[in-house]
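Asker: Here is the input, now give the coordinates:
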Amino acid sequence: MKYIIHVTTSLILLMVISSCDLGQEPDIGGVVLQEMTGEWWVNIYLEGQPIFGYTLLSTYNTSANNGSDLFVDDHAVWPCKVVATADAPSKSFIGASLQNYYDESIQVNIIEGKILNDQAISTGGNTTDSIFVRFAFSDDPDNEYVYAGYRRTGFLEDEH
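Answerer: Got it, this is the predicted structure:
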């Protein structure tokens, strides 16, 4: 009986020792465009007049994580989901005749897109980042639409 206990204990000890990972932790890295990604509460304007109240706009990197491709997604308000060309140092983005993932029949131009650090005051009075995007859509070629707002803070008083 002592032999069985000794062998079982030895096997358990061997399994515990051999199960230890002696390798290095992987370097996960981050999102190259991290400072440009996020959720934004924006109003939509036509000729300086608001035409649509607060709605959610998202910016996020593509799976390529290459530092130049940035998804701009209005969650089907227009509908508009496109990959713009980003410039991380200036936090700006543009794009002409972009493929629209929500509606392939509507091409999208981002004439100007800009993120400004700490340049917005949320509806709850919190300082946060600002976003400004000028769009032109092929199904309404005579007009430019402006999406302007602030980065979602997560505070209840800033939700819409």
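
Asker: ok, which stretches of the chain are strands?
Answerer: 38-46, 49-61, 69-73, 81-87, 92-98, 108-121, 127-137, 140-151 (DSSP state E).

Asker: Of all those, which one is nearest residue 27?
Answerer: Among these, strand 49-61 comes nearest to residue 27, with 17.8 Å by Cβ to Cβ. (C-beta placed from N, C-alpha, C; glycine too.)

Asker: quick check: angle from the closest one to strand 140-151?
Answerer: Put simply, strand 49-61 runs at 70 degrees to strand 140-151, going by axes from the mean of the first three to the mean of the last three Cα atoms, to 10 degrees.

Asker: Parallel or antiparallel, list what pairs with strand 49-61.
Answerer: strand 38-46 (antiparallel), strand 69-73 (antiparallel) (DSSP bridges).

Asker: Mean neighbour count added to the strands of the chain, as TSV?
Answerer: Below are these laid out as TSV (neighbours: other Cβ atoms under 10 Å):
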stretch	mean neighbour count
strand 38-46	19
strand 49-61	15
strand 69-73	21
strand 81-87	20
strand 92-98	17
strand 108-121	17
strand 127-137	20
strand 140-151	17
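
Asker: Let's have those in a markdown table, adding mean pLDDT and distance to residue 2.
Answerer: Output for those, formatted as a markdown table (pLDDT from 0 to 100; distance: least, Cβ to Cβ, whole Å):
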| stretch | mean pLDDT | distance to residue 2 |
| --- | --- | --- |
| strand 38-46 | 97 | 65 |
| strand 49-61 | 95 | 62 |
| strand 69-73 | 98 | 66 |
| strand 81-87 | 98 | 69 |
| strand 92-98 | 98 | 73 |
| strand 108-121 | 98 | 71 |
| strand 127-137 | 98 | 69 |
| strand 140-151 | 97 | 68 |
